[in-house]
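[1] Build me a model:
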Amino acid sequence: MSKKRRPEIVVISDVHLGTFGAHAAELSEYLENIQPKKLVLNGDFIDIWQFKKSYFPKSHLEVIKKIIDLSTSGTEVIYITGNHDEFLRKFSDTQIGDLRITDKLVLELDGKKAWFFHGDVFDVGIHKAKWLAKLGGWGYDLLILINRFLNHILVKLGKKKYSLSKKIKDSVKNAGKFIDRFEKTVSDLAIENGYKYVICGHIHQPKMIRKTNKKGTCLYLNSGDWVENLSALEYENKKWKLTYFNETQEPSISSEKPLLAAITVVGKEIIPTPPLKS
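    Model (predicted):
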């Protein structure tokens with residue numbers, strides 16, 4: 001059994017347990033190999049919007065078990081609520097042992113303030129037409145299910161996997177504008193309030209980028225998701241790292257194809273190492 005990595009903080013978001021799109025088995029494997037001081041579940045961990053009694057397989061329960069195991073072995077687990085698990089907001093600021101539920105989190109990391117929250121508060125569409133957002137969530141889940149079936153056939157034929165959802169997102173002109181507005185709004189507010197790091201999820205776009213305006217600068221970090229990107233943020237030795245799990249791992253992995261790819265911040269520079277593509 002390999003030795004567990006022990007980063008100071010791990011942030012995962014948008015797991016969407018209870019839906020067909022959740023990569024629960026891969027997340028369980030990732031959790032099995034870490035023992036962080038703090039594990040931040042940054043929203044949409046369980047998809048209560050689409051929750052069905054008929055679909056919550058063993059692999060999804062295994063993820064919850066892994067998190068409980070981490071909690072009972074010294075990891076502080078902080079559950080930040082999102083829009084898909086907004087039902088839990090009525091329990092905000094509840095603490096059970098080393099598990100805490102909250103709507104936002106502020107930490108001081110090596111003398112710098114870090115602001116954690118899910119991000120749906122800045123999504124005007126959700127607040128104006130929640131029913132439409134929920135309908136879109138169901139459609140997205142169906143699209144992921146169809147994509148899984150398509151990719152199964154493509155792999156059998158010896159062809160590369162294909163992301164339908166990414167193709168659709170890329171073809172929608174307003175998608176890029178929405179992401180840019182989201183990042184700017186979040187980072188501007190963080191700078192105004194003196195936060196050097198702002199950490200969110202919600203938009204399923206893993207990213208780490210320095211944002212600057214006339215008032216100052218901050219590092220914008222998005223933990224991505226465990227539906228398409230299988231990504232997490234890790235903080236260790238005063239550095240943030242964006243880590244991807246390689247879902248296409250094979251029984252024998254060569255040194256040229258590591259399971260994890262990362263983007264590491266060194267000082268003020270961001271050095272990217274792109275995730276492996278299937």
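[2] So, low pLDDT: which residues of the stretch 151-278 of the chain?
    Residue ranges of the stretch 151-278 of the chain with pLDDT under 70: 152, 162-176, 247-278.
[3] That one: strands as residue ranges?
    Shown for the stretch 151-278 of the chain, the strands assigned by DSSP state E, counting those that start in this stretch span residues 197-200, 207-213, 216-222, 231-236, 239-245, 260-266, 269-272.
[4] For the second one, which residues meet the burial criterion?
    Which is strand 207-213. By neighbour count on 16 or more other Cβ atoms under 10 Å, the buried set for strand 207-213 is Lys207, Met208, Lys211. For the C-beta atoms, the positions are set from N, CA and C on the backbone; glycine is no exception.
[5] Distance of the first one relative to Val106?
    Taking Cβ to Cβ, to the nearest Å as the measure, Lys207 falls 21 Å from Val106.
[6] What residues does Asp120 make contact with?
    Gly43, Gly82, Asn83, Glu86, Ile126, His202 (Cβ atoms under 8 Å, 6 or more residues apart in numbering).
[7] Let me have those residues in a markdown table, adding secondary structure, neighbour count and distance to Val186 as columns.
    Shown next, in a markdown table, are those (DSSP: H, G, I helix; E, B strand; the rest coil; neighbours: other Cβ atoms under 10 Å; distance: Cβ to Cβ, whole Å):
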| residue | secondary structure | neighbour count | distance to Val186 |
| --- | --- | --- | --- |
| Gly43 | coil | 28 | 14 |
| Gly82 | coil | 29 | 14 |
| Asn83 | coil | 22 | 15 |
| Glu86 | helix | 18 | 19 |
| Ile126 | helix | 18 | 15 |
| His202 | coil | 26 | 10 |
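[8] follow-up on the earlier one: right, and the strands of the stretch 151-278 of the chain - which one's nearest Lys38?
    Lys38 lies closest to strand 231-236 among those, at 8.7 Å (Cβ to Cβ).
[9] Same list, the strands of the stretch 151-278 of the chain, but as JSON lines with distance to Val186 please.
    Below are those laid out as JSON lines (distance: least, Cβ to Cβ, whole Å):
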{"stretch": "strand 197-200", "distance to Val186": "6"}
{"stretch": "strand 207-213", "distance to Val186": "8"}
{"stretch": "strand 216-222", "distance to Val186": "7"}
{"stretch": "strand 231-236", "distance to Val186": "15"}
{"stretch": "strand 239-245", "distance to Val186": "16"}
{"stretch": "strand 260-266", "distance to Val186": "18"}
{"stretch": "strand 269-272", "distance to Val186": "17"}
